[in-house]
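>>> coords please:
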Amino acid sequence: MSITLSTPTRLREGAFGNATALTCRECGATRELGPHYACQECFGPLEISYDFGTVTREQIEAGPANIWRYKALLPVPEDIESSPNLEPGFTRLLDARNLAAELGLSKLWVKDDSTNPTNSFKDRVVACALSAAREFGSRVFACPSTGNLANAVAAAGARAGIRTVVFIPSNLETPKQVNSAVFTDSLVAVDGNYDDVNKLASEIAGEEDGWAFVNVNVRPFYAEGSKTLGYEIAEQLGWRLPDQIVIPVASGSQLTKVHKAFTELIALGLVEDKPVRVFGAQAQGCNPVATAFKDGVDAIRPVKPDTIAKSLAIGNPADGIYVLDIARATGGGVEEVTDDQIRDAIVLLARTEGIFTETAGGTTVAVLRKLVETGQLDPALETVVINTGHGLKTLDAVTGSVGPRTTIAPTYDAFAAAGIA
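Numbers count the residues shown, from 1 in each chain. Alright, predicted model coming up:
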């Protein structure tokens, strides 16, 4: 399937760096790089193929402290740094000793993407999508979103000087709505859930000329941005891979691309080949992949989301079947947790490591705890958990759970009587 984006008759030389083609993930058919996202042969999803040549650690380490240090491994031009963008990435990998002790783990790291420009990992994928949209000559930069993507697209478009239009479910958390509307005057609320919004975006992309929907008609380019999480984890660990990793699952793309990053680093000889157990995390109120994993089936049965983890509320995840494949092949799994467990995990991470995560990160930490308690994850092995966004975006989730311990008069006697000391 193709969507017209007013693509130049001839793309400039090196527009997509070392990327060589679009390859179908189902039948392996290839086609030229362009604004396409479905195979012409079998309608399977397309992804980027590359001819990397030689890429060294030294070459990467000499790059900027953002995702463009990995530009040789992404579908972006050599001069990507010269294009106005938010320069996301190279966020901290925190040695989470307090949380590890609380959960009974020997070694735990938190990859904290809440410090990206719009406070979520979506800045990574949007940066790659923006590069593709620019090369295709798009006039509108757009997305359907559960919130974080809308924030990232609106901000990146503002920085790049391109018109942005973002579509969100009308019941989205207010902070996420404000965080998008401050960057664009074209925030569109749609009555329905994310799957309804995504369907509308696909229809618009098919009708409107020159619209680049980051997670629709430029999705293959957009998705590659998630690989940079995997690259950074490996580099920040001293060019090695962890034993286990827990990743939130919405569409499932982040998990599949982090795994792809690990395999690419191994193939390039940048890290030692070793097994990494990959676990996916979902909320019980939107758990189609976790259900399929536990049932031992390959088909993902769509669900109607009902959870506080709205950034993970995709009832029909596009990459769900590939998440299942990776979880099974690596000896990992896909687990689910309740909204109450998510709230508890948000507070736990904040009070052990000083990280205020949104509900997606709460889901991942809650699943990590459940995996340890149920014996699915080995507590003796080095583990990484990904925090994808900042808690200020989902304040409502914990508003009723935390607050003043007590209220006292402004006197020492009142303080002493409260038993705080």
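>>> three-state assignment of residue 129?
helix (DSSP: H, G, I helix; E, B strand; the rest coil).
>>> Next, the contact list for it, please.
Residue 129 sits next to 141, 212, 214-215, 218, 221-222, 225 when contact means CB atoms under 8 Å, 6 or more residues apart in numbering. Where you see a C-beta, it was placed from the backbone N, CA and C, and this is true even at glycine.
>>> one more time with 7 Å, if that's ok
214, 218, 221-222 (CB atoms under 7 Å, 6 or more residues apart in numbering).
>>> Of those, which belong to helices?
Residues of those located in helices (DSSP state H): 221-222.
>>> biggest separation within the contacts of residue 129, which pair?
214 and 221 (8.5 Å; CB to CB).
>>> Skip the chain neighbours and tell me the closest residue to residue 323.
Spatial nearest neighbour of residue 323, chain neighbours left out: residue 252 (4.1 Å); criterion: CB to CB, 6 or more residues apart in numbering.
>>> Measure how buried that neighbour is and give me the count.
26 (other CB atoms under 10 Å).
>>> how about it, what does it touch?
289, 317-320, 322-323.
>>> of the residues you listed, the lowest pLDDT goes to which?
When the contacts of residue 252 are compared on pLDDT, residue 318 comes out lowest, with 93.
>>> Assign a three-state SS to that one, would you?
From three-state DSSP, the assignment for residue 318 is coil.
>>> which residue sits closest to it in space, ignoring its chain neighbours?
Closest to residue 318 by CB to CB, 6+ apart is residue 251, at 5.0 Å.
>>> Now do the SS call for that neighbour.
coil.
>>> Local confidence estimate at it?
95.
>>> Could you tell me how far it is located from residue 224?
To residue 224, residue 251 is 14 Å away according to CB to CB, to the nearest Å.
>>> quick one: which of these two has more around it?
More crowded of residue 251 and residue 224, by other CB under 10 Å: residue 224, with 28 against 22.
>>> quick one: contacts for that one?
48, 74-75, 128, 257.
>>> need the contact list for the residue nearest to residue 65 when sequence neighbours are not counted.
Nearest residue to residue 65, sequence neighbours excluded (CB to CB, 6+ apart): residue 90, at 4.7 Å. Going by CB under 7 Å, 6+ apart, residue 90 touches 65-66, 232.
>>> how about the helices of this structure, start to end?
Under DSSP H, the chain gives helices at 57-61, 97-103, 122-136, 148-160, 174-181, 194-207, 219-223, 227-236, 253-267, 288-295, 320-330, 339-353, 359-373, 412-417.
>>> what would the ones you listed look like in TSV with distance to residue 116?
Conversion of the helices of the chain to TSV gives the following (distance: least, CB to CB, whole Å):
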stretch	distance to residue 116
helix 57-61	19
helix 97-103	21
helix 122-136	4
helix 148-160	8
helix 174-181	13
helix 194-207	21
helix 219-223	15
helix 227-236	11
helix 253-267	13
helix 288-295	25
helix 320-330	23
helix 339-353	17
helix 359-373	13
helix 412-417	40
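>>> Pretty sure residue 300 sits against residue 288.
Yes. Applying CB atoms under 7 Å, one finds residue 300 in contact with residue 288, separated by 5.0 Å.
>>> quick one: common contacting residues for the two?
Residues touching both residue 300 and residue 288 by CB under 7 Å, 6+ apart: 317, 320.
>>> Can you check the pLDDT for residue 172?
Note for residue 172: predicted pLDDT of 87.
>>> Surely it touches residue 311?
No. If you go by CB under 7 Å, residue 172 and residue 311 don't touch, sitting 9.5 Å apart.
>>> intersection of neighbour lists for those two?
By CB under 7 Å, 6+ apart, the residues touching both residue 172 and residue 311 are 146-147.
>>> out of these two, which sits in the more crowded spot?
residue 311 (29 against 22).
>>> State whether residue 192 and residue 171 are indeed in contact, as I suppose.
No. Using CB under 7 Å, residue 192 makes no contact with residue 171, being 9.2 Å away.
>>> What's the separation between the closest residue to residue 32 other than its chain neighbours and residue 234?
The shortest distance from residue 32 to any non-neighbouring residue, by CB to CB, 6+ apart, is to residue 21 (6.7 Å). Per CB to CB, residue 21 is found 26 Å from residue 234.
>>> likewise residue 69?
12 Å.
>>> Also residue 120?
21 Å.
>>> same deal with residue 369?
25 Å.
>>> more crowded one of the two?
residue 369 (23 against 20).
>>> who's in contact with the closest residue to the more buried one other than its chain neighbours?
Excluding its sequence neighbours, the residue lying closest to residue 369 (CB to CB, 6+ apart) is residue 103, at 5.7 Å. Contacts for residue 103 were tallied using CB under 7 Å, 6+ apart; they are 368-369, 372.
>>> Repeat the analysis, applying 10 Å as the threshold.
Going by CB atoms under 10 Å, 6 or more residues apart in numbering, residue 103 touches 96, 348, 352, 365, 368-369, 371-373, 377, 379, 383, 385.
>>> Could you say which of those is surrounded by the most neighbours?
Most surrounded of the contacts of residue 103: other CB under 10 Å gives residue 365, at 33 neighbours.
>>> Pull up the gap between that one and residue 243, please.
Distance of residue 365 to residue 243, given as CB to CB: 18 Å.
>>> now swap in residue 12 and tell me
43 Å.
>>> Tell me which of these two has more neighbours.
Per other CB under 10 Å, whichever of residue 12 and residue 243 has more neighbours is residue 243, with 16 against 9.
>>> dump the residue contacts of the residue nearest to that one when sequence neighbours are not counted.
Closest residue in space to residue 243, ignoring its immediate chain neighbours: residue 381 at 3.7 Å, by CB to CB, 6+ apart. Residues near residue 381 by CB under 10 Å, 6+ apart: 105-107, 242-244, 276-277.
>>> okay, the contacts of residue 129 in CSV with pLDDT next?
Listed next are these as CSV, based on pLDDT from 0 to 100:
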residue, pLDDT
214, 96
218, 95
221, 98
222, 97
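>>> Take the contacts of residue 129 and write them to JSON lines, including distance to residue 146 and neighbour count.
Below are the contacts of residue 129 laid out as JSON lines (distance: CB to CB, whole Å; neighbours: other CB atoms under 10 Å):
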{"residue": "214", "distance to residue 146": "13", "neighbour count": "31"}
{"residue": "218", "distance to residue 146": "18", "neighbour count": "31"}
{"residue": "221", "distance to residue 146": "20", "neighbour count": "30"}
{"residue": "222", "distance to residue 146": "15", "neighbour count": "31"}
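>>> then stretch 148-157 to PDB, C-alphas only?
Below are the C-alpha coordinates for stretch 148-157, written out as PDB (Å, rounded to 0.1, in the frame of the first residue of the first chain):
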ATOM      1  CA  ASN A 148       3.000  11.000  24.200                       C
ATOM      2  CA  LEU A 149       3.300  10.800  20.500                       C
ATOM      3  CA  ALA A 150       1.100  13.800  20.000                       C
ATOM      4  CA  ASN A 151       3.400  15.800  22.300                       C
ATOM      5  CA  ALA A 152       6.500  14.700  20.400                       C
ATOM      6  CA  VAL A 153       5.000  15.300  17.000                       C
ATOM      7  CA  ALA A 154       3.700  18.800  17.900                       C
ATOM      8  CA  ALA A 155       7.000  19.900  19.400                       C
ATOM      9  CA  ALA A 156       9.200  18.400  16.700                       C
ATOM     10  CA  GLY A 157       7.000  20.000  14.000                       C
END
